[in-house]
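Participant: Everything below, folded, please.
(chains A and B)
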There are 2 protein chains.
Amino acid sequence: MAEPASALSVPGFSPTPASVPSRNVVYRRPMPKNQPVWQTPLDPINFLLRAALIYPKKVALAHLDVPYPVSYTYDVWTQRVQNLAYALMEAGIKPGDRVAVIAPNCPMIADAHHGIMAARAIITPLNYRLTKGEIQYILEHSGAKLILCDHEFTHLLPERHARVIISNDTGREGDPYEDFLLSGRRFSKEAGWLGLPIEPDENAGSCLCYTSGTTGRPKGVLTTFRGSYLAAVANAYETKMDLYSIYLWILPMFHACGWTYPWAITFSFASQVTLRTVNYTQIWKHFKHSRITHYCAAPTVQIGVVNAPQASHVEQPLRAIIAGAAPTAHLIGSLEKIGISVSHVYGLTETYGPFTISYNRPEYKDLTLDERAVFFARQGHSFATSDEVRVVKHDSDNKDLVDIQKDGVALGEITTRGNILMKEYFRDPKATEEAFRGGYFHSGDLAVWYPDGSVAVQDRSKDLIISGGENASSLSIEQVLSKFPPVLEATVVARSHPKWGERPMAFIILHPHEEAKWKGKEKEFEAEIKTFARMSLAGFAVPEWVSIVKELPKTSTGKIQKNILRQRLAKL
Amino acid sequence: MAEPASALSVPGFSPTPASVPSRNVVYRRPMPKNQPVWQTPLDPINFLLRAALIYPKKVALAHLDVPYPVSYTYDVWTQRVQNLAYALMEAGIKPGDRVAVIAPNCPMIADAHHGIMAARAIITPLNYRLTKGEIQYILEHSGAKLILCDHEFTHLLPERHARVIISNDTGREGDPYEDFLLSGRRFSKEAGWLGLPIEPDENAGSCLCYTSGTTGRPKGVLTTFRGSYLAAVANAYETKMDLYSIYLWILPMFHACGWTYPWAITFSFASQVTLRTVNYTQIWKHFKHSRITHYCAAPTVQIGVVNAPQASHVEQPLRAIIAGAAPTAHLIGSLEKIGISVSHVYGLTETYGPFTISYNRPEYKDLTLDERAVFFARQGHSFATSDEVRVVKHDSDNKDLVDIQKDGVALGEITTRGNILMKEYFRDPKATEEAFRGGYFHSGDLAVWYPDGSVAVQDRSKDLIISGGENASSLSIEQVLSKFPPVLEATVVARSHPKWGERPMAFIILHPHEEAKWKGKEKEFEAEIKTFARMSLAGFAVPEWVSIVKELPKTSTGKIQKNILRQRLAKL
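Facilitator: Next up, the predicted model:
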């Protein structure tokens, strides 16, 4: 029963003595007729019902940094979710229908990750940083029958659209979204969970997330109840979430359904704190005062976290889950120095977010940070509930995939299959067939494969730089450049070259305190960083051009948009 | 990356620097034709293959307290498992066939929990404390096609039986079991895991464990690959097993397949230490020198653990998983005092062993040990991968089950359903139908239900006697005693015993013509009937006390009121 001393310090945690009865709510849903007694369809909504049953008075969700802060205990939040499910059904939503959500991290989008599925509909979260045209395309392509839209993003709605429910993010009566929930409450006629049958087919669609497809139109990634369940369990286990965990929503929940953390949180009875924006002042306030134990973010956001003026040592165990790009030794070191441990995971929207993790090895303890970071930067091995990652010959025409050598040198494409893989690209059988050729999903990520079965992404296939006929990995070059002391962040893309075909070009953001030093001395900086790079990189991989910049184009999830950089260069 | 200091102290842990390649083994099995890319049948054997891939040089299994100690790393052990699978196939075992195992905790029975399933056959572990007649019944009823038998238990084999492979538990060449494994190695023709297709139907039978049924003959509990997978994940998560865990096999692995820990261990990359017998000297040696972190045992064994002369404070985090009966405050206190934390779980063979856990609550920290123990003695709530426990009106004739009041007072029967529930009683559709009436499995255990949804067993099935952690069926004992010529009627109930928890007490009504003969010779009668009983009953089932009575309390319909007998004994 030994537990961390922070146990009772959960914000808003109001322990109810077990002798005080909670309301006598039934947290059970009807099973399909003829369902075997010994089998229940896998459905992550059951995690929420369990949490409400077992820890009704524990804080499920806190939303604090807004004009109308709210905090919901599990019993209250679960009732809201139930209201949402009934409201959707009352609004005509049928099983399998798509319900779109355009919202930052806030209660509505957290509700939506449960209430929509509880109505057996498919949640379709939209990236609110897309253009109006892209939003329109996705709303039309998904055929969403209803839209839950945060008040800040109504301008994104196309002229003709399905019914919209607007949330003013107040949690108060009179807020259209709150009134919508109340309509569900009335419609339910107090049938409660017994009026909401469980989805009988665990392979039915649960979520439809659109990739920010760099090659033309966004593609809709359709996932299943079964996959959402198994991915959430793996994420909770791998990042050691439990009753005492408090998750901070820095990662936008719309991104691959928050990497299945909406359900990993309820699986482990954790609490969550929602942040509308990435605001380092707020983040550090919560790190310091809300005993946050877990958060997910891409390396660029992590760099912002460690370099924020408020950054200092955190008292509680705090785990940063990093994906999107491999963390550098410098970043890992900076995080560890202030008490933040790091889990490096990897995945795509097509794999429910993370499906591999760079496993720790006991023998790493004897290594220096730089040595350790080399191993840690690998994408590692797939989760227990996924199948093995395979790295196959990239341009193989064979229907039978051919594994590359497990030598850490040969380059191939990451493929996977199994329960943590999307069911299809929605309404795009051609793209699905292409992605699933040979019986494996082709990620488009190029990697080397080590003898121990771990993989290390070298590049997106499209980010690879073909320099003088050699493959230069932009990520490897970035790892080297990041070690040059003045550098805060380095990004490398291919730029066409009359002699070599392509050569690497580096975009550098300096540490703020270095900026003055190098002002007007760009040539010297370029010479110095090239000298530095030559010590560890082959000639063809040393950047031909170096540009100091103030900022870089990024996606909503913090990934640098190399396609935009390349487009800019192409116009030069 | 912060990990306990014990990380490198794993016994026999031989860290291989990541730069040293392991053998280039493929840990992948062929998928069924037409299997969707996005779905893999749930199969816990995949956990073993992952462990071998990721931590090949970590100790998987150590068997030390024997004349021929052995220790296998994950790569070596996984090869043994593969050899066993091929050896079984070479011996004619087909998917769905039953393979019996009669063995104490040792490498063979650990191998069997993986190799038999890898051959897509059904493991049937036998309780070696049963009588020869019971063993014969189970071997015949299960239709086992092959028997893996430890050398110590060959005397239990009936005269006519299927092919037997004997293990001398040496791990050395010349041991018949080892030669059997080698036959598999030769038969495999090095096809490796690619020659062993995964079981395409996750609902296929995985294990067949026999209960010591309360109503006469043992019943065969058939479980599935899917259930074994989901139960193992829940057990690993709930008891916080991970890479640094070392599990000590005190619980006999034949008990409900070791409560799915054979797969919970591989899921979490833990190590395991096998003990042939419950020997407190050995147990404490391992607690002190092998950095054991987890073990399972019934309260009677736990009492032995804390009262052993070697008992003293353990340095590493050590978790005792208790089931079989609720731990008392005294026991919890004694364990905690020496640094052993307690997880109280509950289940039956029909539920893969544990499927509920008494959840900790943060507010318990403010309670005294005695207060805490009251809550902790509850059986609690079901695991995340199971369905909710329901307590229903016990003798309801209704097909629709009726929940009892959640008031902690009303008494009902524990029922459950879902993925952690057996598929059927093997070859006994009538018993299956009876157990599954109303769409729920009826446990036969009477419990109260609290407002928070937790359950507390009041009478662990009214007739069962938990004698030294073994289930002794009173009816089976009565059947034996009734065969003793002087006996007219025999009734057996549990009576508490300071060492064994409970022991059977027999109440005997003599044939009228025998009464005079035994008058004043009660001691002789007791000795004779015990001798008689020992010929057909396991030691734990032989009555400890025998009382000759004139009559027994009966209901109007002639049923003996055992509850009244127990109440009388409780007052003694």
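
Participant: in the stretch 201-350 of chain A, what spans have low per-residue confidence?
Facilitator: Filtered on pLDDT under 70, the stretch 201-350 of chain A yields the residue ranges A:212-216.

Participant: List, one by one, the residues from it near chain B.
Facilitator: A:203, A:224, A:226-227, A:233, A:236-237, A:240, A:242-244, A:267, A:317, A:336, A:341-342 (Cβ under 8 Å from any Cβ of the partner chain). Placement of C-beta: from N, CA and C, glycine included.

Participant: any idea how far the residue lying closest to residue A:431 once chain neighbours are set aside is from chain B?
Facilitator: With Cβ to Cβ, 6 or more residues apart in numbering or on different chains as the criterion, residue A:431 has its nearest non-adjacent residue at 4.4 Å, and that residue is residue A:425. Computed as Cβ to the nearest Cβ, to the nearest Å, the residue A:425 to chain B distance reads 12 Å.

Participant: can you count the residues close to residue A:425?
Facilitator: 22 (other Cβ atoms under 10 Å in any protein chain shown).

Participant: domains of chain A?
Facilitator: A:61-200, A:464-570 (the TED database).

Participant: Residue A:451: which of those is closest?
Facilitator: Distance to residue A:451, taken as Cβ to Cβ, is lowest for domain A:464-570 among the domains of chain A, at 19.3 Å.

Participant: Highest neighbour count among the residues of the stretch 201-350 of chain A next to chain B?
Facilitator: residue A:227 (29 neighbours).

Participant: From the residues of the stretch 201-350 of chain A next to chain B, which land in strands?
Facilitator: A:224, A:341, A:342 (DSSP state E).

Participant: is the last one in a bridge, and if so with what?
Facilitator: Think residue A:342. Counting by DSSP bridges, residue A:342 is bridged to residue A:320.

Participant: contacting residues for it?
Facilitator: A:319, A:320, A:322, A:327, A:332, A:335, A:336, A:376, B:1 (Cβ atoms under 8 Å, 6 or more residues apart in numbering or on different chains).

Participant: Excluding chain neighbours, give the residue nearest to the fourth one in space.
Facilitator: Using Cβ to Cβ, 6+ apart and skipping residues adjacent in sequence, the residue nearest residue A:327 is residue A:299, 5.3 Å away.

Participant: That neighbour: neighbour count?
Facilitator: 24.

Participant: so who does it touch?
Facilitator: Taking Cβ under 8 Å, 6+ apart, we find residue A:299 in contact with A:322, A:324, A:325, A:326, A:327, A:328, A:331, A:558.

Participant: circling back: need the phi and psi values for the residue nearest to residue A:431.
Facilitator: phi -80, psi 120 (degrees, to the nearest 10).

Participant: wait, isn't it in contact with residue A:436?
Facilitator: No: counting by Cβ atoms under 8 Å, residue A:425 sits too far from residue A:436 to count as a contact (9.5 Å).

Participant: which stretches of the stretch 351-500 of chain A form strands?
Facilitator: Secondary structure of the stretch 351-500 of chain A (DSSP state E, counting those that start in this stretch): strands located at A:353-357, A:381-382, A:390-392, A:412-416, A:424-425, A:441-449, A:455-460, A:465-467, A:470-472, A:487-497.

Participant: Please name whichever of those strands is nearest to residue B:42.
Facilitator: With Cβ to Cβ, the closest approach to residue B:42 among the strands of the stretch 351-500 of chain A belongs to strand A:381-382: 15.1 Å.

Participant: so what's residue A:112 up against?
Facilitator: Residue A:112 touches A:84, A:99, A:101, A:103, A:123, A:125, A:148, counting by Cβ under 8 Å, 6+ apart.

Participant: Tell me the spacing between residue A:85 and chain B.
Facilitator: Residue A:85 is 18 Å from chain B, by Cβ to the nearest Cβ.

Participant: And residue A:75, by the same measure?
Facilitator: In terms of Cβ to the nearest Cβ, residue A:75 sits 11 Å off from chain B.

Participant: same deal with residue A:436?
Facilitator: Taking Cβ to the nearest Cβ, one finds residue A:436 at 5 Å from chain B.

Participant: Now do the same for the residue nearest to that residue when sequence neighbours are not counted: helix, strand or coil?
Facilitator: In space, and not counting its chain neighbours, residue A:436 is closest to residue B:37: 4.7 Å by Cβ to Cβ, 6+ apart. Secondary structure, DSSP: H, G, I helix; E, B strand; the rest coil: residue B:37 is coil.

Participant: Just to check, residue B:37 is in contact with residue A:442?
Facilitator: No: with contact defined as Cβ under 8 Å, residue B:37 does not count as touching residue A:442 (10.5 Å).

Participant: Can you work out which residues contact both of the two?
Facilitator: residue A:436.

Participant: So those two - more neighbours on which side?
Facilitator: The residue with more neighbours, out of residue B:37 and residue A:442, is residue B:37; 23 against 19, by other Cβ under 10 Å.

Participant: pLDDT score assigned to the residue nearest to residue A:431?
Facilitator: pLDDT, residue A:425: 97.

Participant: Now do the same contact list for it.
Facilitator: Residues in contact with residue A:425 (Cβ under 8 Å, 6+ apart) are A:219, A:220, A:221, A:222, A:431, A:432, A:435.

Participant: weakest of the strands of the stretch 351-500 of chain A by average pLDDT?
Facilitator: strand A:470-472 (a mean of 77).

Participant: burial measure for the residue nearest to residue A:176 when sequence neighbours are not counted, as a count.
Facilitator: Spatial nearest neighbour of residue A:176, excluding adjacent residues (Cβ to Cβ, 6+ apart): residue A:166 at 4.8 Å. Neighbour count of residue A:166, defined by other Cβ under 10 Å: 19.

Participant: Ok, residue A:426 next?
Facilitator: Neighbour count of residue A:426, defined by other Cβ under 10 Å: 23.

Participant: In the stretch 451-572 of chain A, what residue lies closest to chain B?
Facilitator: residue A:451 (3.2 Å; Cβ to the nearest Cβ).

Participant: The residue lying closest to residue A:38 once chain neighbours are set aside: neighbour count?
Facilitator: For residue A:38, ignoring the flanking residues on the chain, the nearest one in space by Cβ to Cβ, 6+ apart is residue B:421 at 4.4 Å. The local packing of residue B:421 (other Cβ under 10 Å) involves 29 other residues.

Participant: Run through the residues that contact residue B:421.
Facilitator: Listed by Cβ under 8 Å, 6+ apart, the contact partners of residue B:421 are A:37, A:38, B:227, B:350, B:351, B:355, B:386, B:441.
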